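> Based on what follows, work out the 3D shape:
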Amino acid sequence: MSLNEIILRIKSNHALKLMLSVILTGGFPLIYFGLLQSHQMFPVRIMPVSWLDRMIPFVPDTVYLYESIWLLMPIAPWLTKTRNELNAYWIGFAVMSIVGFSIFFFFPTAVLRPNNIQNTNVLYEALIRFDNGINACPSFHAALAVFHGACCHLIFSRGRWNRLIQGVIWVWVLGILAATLLTKQHVFVDIVAGIILGVGGFVVLRFREYSLLQERNLHEK
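Residues are numbered from 1 along each chain as shown. Below you'll find the model as predicted:
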């Protein structure tokens, strides 16, 4: 994908992309942090720590990689080319969010923070003040990373350099997944459940794209 094509993709449907960006970046944190993390209607269950989780060290400096998901997320929607692709994206995102938020509402879970969280770094201290550890399973961080990684893989599906970009994206995604464990934001089971949720959201996206393509073909006949 050339630089010129990237610019054209960003410009296409830019008003709709901007509107969706405002809704997703504003509405998502409002529901997740403002409601689901602050008001639990059902008992909160502490996620069990496995032997694998005990083997993984606490590395608070990986919080920078953990928070880099906010840089990954805009890539796919802003590089979509058509309105149908953009519609499929937000529907996949919405279905994934509805499923995840429903689980958080009816089956709230939490993780225990490490004891040695003092004197870490500014970003990690801000994270634990902002995120209270509720809604651990499935890891929505993992779901978002996998969903957007798959979306980026689809966009960069052709061309010699695109293969390299796909590889970089997936290394980035794996880094984010690892950071969720290294920052002790989640346990391993949370990550697995989050990956499944993210894959499910992408399947919905692809199904929607296929449905829109079939509808277009019917209208053209």
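> so where is the chain shaky, pLDDT-wise?
Along the chain, segments meeting pLDDT under 70 span 1-2, 26, 33-38, 158-160, 212-221.
> Do you have the strands of it handy? List them.
For the chain, applying DSSP state E gives strands covering 45-46, 109-110.
> Check the spacing between the residue positioned nearest the centre of the chain and residue 54 real quick.
Nearest residue to the geometric centre of the chain (Cα atoms, centre = their mean): residue 144, 1.1 Å. To residue 54, residue 144 is 26 Å away according to Cβ to Cβ, to the nearest Å. Placement of C-beta: from N, CA and C, glycine included.
> In the chain, mark out all the helices, start to finish.
Counting by DSSP state H, the chain has helices at residues 3-11, 14-29, 51-55, 63-67, 69-72, 75-79, 83-106, 122-130, 140-155, 160-182, 188-220.
> In a markdown table, list those helices along with distance to residue 42.
Listed next are the helices of the chain as a markdown table, based on distance: least, Cβ to Cβ, whole Å:
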| stretch | distance to residue 42 |
| --- | --- |
| helix 3-11 | 43 |
| helix 14-29 | 22 |
| helix 51-55 | 24 |
| helix 63-67 | 27 |
| helix 69-72 | 27 |
| helix 75-79 | 33 |
| helix 83-106 | 6 |
| helix 122-130 | 23 |
| helix 140-155 | 18 |
| helix 160-182 | 24 |
| helix 188-220 | 18 |
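> quick one: which of the ones you listed is nearest residue 116?
Comparing those against residue 116 with Cβ to Cβ, the closest turns out to be helix 122-130 (11.6 Å).
> Please spell out which residues along the closest one are buried.
Neighbour counts using 16 or more other Cβ atoms under 10 Å place 124, 127, 128 of helix 122-130 among the buried residues.
> And the contacts of it?
By Cβ atoms under 8 Å, 6 or more residues apart in numbering, the residues outside helix 122-130 that reach it are 33, 60, 61, 63, 64, 66, 67, 113, 117, 183, 185.
> one step back: so for the residue nearest to the centre of the chain, what's the nearest residue that isn't a sequence neighbour?
Nearest residue to residue 144, sequence neighbours excluded (Cβ to Cβ, 6 or more residues apart in numbering): residue 69, at 6.0 Å.
> what's near enough to touch the residue nearest to the centre of the chain?
69, 73, 198.
> State the number of residues packed around the first one.
Residue 69 is surrounded by 19 other residues when neighbours are defined as other Cβ atoms under 10 Å.
> what separates it from residue 41, distance-wise?
From residue 69 to residue 41 the distance is 28 Å (Cβ to Cβ).
> Make TSV from the strands of the chain and add mean neighbour count and distance to residue 103 to it.
Output for these, formatted as TSV (neighbours: other Cβ atoms under 10 Å; distance: least, Cβ to Cβ, whole Å):
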stretch	mean neighbour count	distance to residue 103
strand 45-46	12	12
strand 109-110	19	9
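> Make CSV from these and add distance to residue 168 to it.
Below are those laid out as CSV (distance: least, Cβ to Cβ, whole Å):
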stretch, distance to residue 168
strand 45-46, 36
strand 109-110, 32
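> can you tell which of those strands is closest to residue 13?
Minimum separation from residue 13 across these (Cβ to Cβ) falls at strand 109-110, 37.6 Å.
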